[in-house]
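In: Pasted the sequence and its predicted model underneath.
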Amino acid sequence: QVQLVESGGGLVQAGGSLRLSCEASGRTLSNYAMGWFRQAPGKEREFVATINWSGGDTYYADSVKGRFTISRDNAKNTVYLQMNSLKPEDTAVYYCAAGPRYGISPHAYAYWGQGTQVTVSS
């Protein structure tokens, strides 16, 4: 089992930045691909970014490409999502996930955190 805990969410003005962290316990994160997803009220959970086990491959949703950066520190069992140039439409609960496969589908991930709220004011 892998337990994931997100942190770093909050309220920020449009154009601002936040860095989300996702710390794992139970098993080493280096065995897993990691992803970030988000869910806004009344909407389905959507893919944001993913990173493979080594950090050598990343992939982003078009809506965040060039603004968000996913990274990982396997020694700290932590994955990060640096979010710059935030927009009101980025407002959502952000979830990190761990899984055996690197991909954009939620079905690629077996373990999920509880989420952290990000609110971007205009």
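Out: Sure thing, it's come through.

In: In the chain, which residue is most central in space?
Out: Residue closest to the average C-alpha location in the chain (CA atoms, centre = their mean): Trp36, at 2.6 Å.

In: Would you mark the buried spots in stretch 104-122?
Out: Residues Ile104, Pro106, Ala108, Tyr109, Tyr111, Trp112, Gly113, Gly115, Thr116, Val118, Val120 are the ones in stretch 104-122 that count as buried (16 or more other CB atoms under 10 Å). Backbone N, C-alpha and C define where each C-beta goes, glycine included.

In: Please narrow the residues you listed to those residing in strands.
Out: Residues of the buried residues of stretch 104-122 located in strands (DSSP state E): Tyr111, Trp112, Thr116, Val118, Val120.

In: Looking at those residues, spot the one nearest Pro88.
Out: Nearest to Pro88 out of these is Val120 (CB to CB; 5.0 Å).

In: is that closest one in a bridge, and if so with what?
Out: When assigned by DSSP bridges, Val120 has beta-bridge partners Val12.

In: can you put the ones in strands among the buried residues of stretch 104-122 in TSV and add distance to Gly26 and pLDDT?
Out: Formatted as TSV, those follow (distance: CB to CB, whole Å; pLDDT from 0 to 100):
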residue	distance to Gly26	pLDDT
Tyr111	9	95
Trp112	13	97
Thr116	19	98
Val118	25	98
Val120	32	98
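
In: Name the nearest of those residues relative to Val12.
Out: Nearest to Val12 among these is Val120, at 5.8 Å by CB to CB.

In: Just list the residues touching that closest one, thanks.
Out: By CB atoms under 8 Å, 6 or more residues apart in numbering, the contact set of Val120 is Leu11, Val12, Gln13, Ala14, Gly16, Leu86, Lys87, Pro88, Glu89, Asp90, Thr91.

In: Which pair of those residues spans the longest distance?
Out: Leu11 and Glu89 (15.2 Å).

In: re the thing from before, which among the contacts of Val120 end up buried?
Out: Taking 16+ other CB under 10 Å as the criterion, what is buried in the contacts of Val120 is Val12, Leu86, Asp90, Thr91.
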